[in-house]
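**Q** Next comes the sequence, and after it the predicted model I'd like to discuss.
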Amino acid sequence: MPECFRVQEAASAETTPIWNTAQVLERLSRDQELLREIAEIFLADCPTYMAKLRRGIAELDAEGVERTAHSLKGELSYLGISDLSEKAAELEHLGRECNLHNAAEVFAALECGVPAILNWFAQVREKNPGAQTGKENGTSQ
């Protein structure tokens, strides 16, 4: 896994960034607190999604793979992480078609990109440890 991760990092450095924060902020009306909340949800959900996909593929649970991949695809898409969203969409399609023969290969490609996103979100959270939403600090709008 680390080798494919390094390849992805090198490729994404020369091409389109893996995540376009400006585009996502535009979609969220430049609401950085909302982006932070969405990122927190993704940080919490993603490891569970990945574990469910790994288990579903190993157990040949096409319905479970379809359902989990659909949820992950939605979060990735909303965050503007199109490369990984496309991989999740491929897994969703394979599950819908009850054809998991290539699912492990697609999952491996997805799994190679996820650490970069999780690390990036974790770094953002570490840089802004005191950031709270309006509800949490009593200043809701």
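**A** Yep, that arrived. Numbering: from 1, shown residues only.

**Q** Could you use CA atoms for every contact and neighbour count after this?
**A** OK.

**Q** OK, contacts around Arg96?
**A** By Cα atoms under 8 Å, 6 or more residues apart in numbering, the contact set of Arg96 is Ala62, Glu63, Glu66.

**Q** Would you quantify the distance from the second one to His101?
**A** With distances defined as Cα to Cα, to the nearest Å, the gap from Glu63 to His101 amounts to 14 Å.

**Q** Check the last one too.
**A** For Glu66, the distance to His101 under the criterion Cα to Cα works out to 14 Å.

**Q** of the two, who's got more company?
**A** Glu66 (23 against 11; other Cα atoms under 10 Å).

**Q** Would you indicate which residues of the helix or strand harbouring that one are buried?
**A** Element membership for Glu66, per DSSP states H and E: helix 62-78. Counting neighbours by 16 or more other Cα atoms under 10 Å, one finds that the buried residues in helix 62-78 are 62-73, 75-77.

**Q** which residues sit against that helix?
**A** Under the criterion Cα under 8 Å, 6+ apart, residues 24, 42, 46, 49, 52-53, 56-57, 82, 84-86, 88-89, 91-100 lie in contact with helix 62-78.

**Q** Buried among these? Make that a PyMOL selection.
**A** Remark: buried members of these, expressed as a PyMOL selection using 16+ other Cα under 10 Å:
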select buried, resi 24+42+46+49+52+53+56+57+82+84+85+86+88+89+91+92+93+94+95+96+100
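
**Q** mind showing which ranges of this protein have poor pLDDT?
**A** Across the chain, the ranges flagged by pLDDT under 70 are 1-18, 124, 127-141.

**Q** centroid residue for it?
**A** Among the residues of the chain, the one closest to the centroid is Leu76, at 4.3 Å (Cα atoms, centre = their mean).
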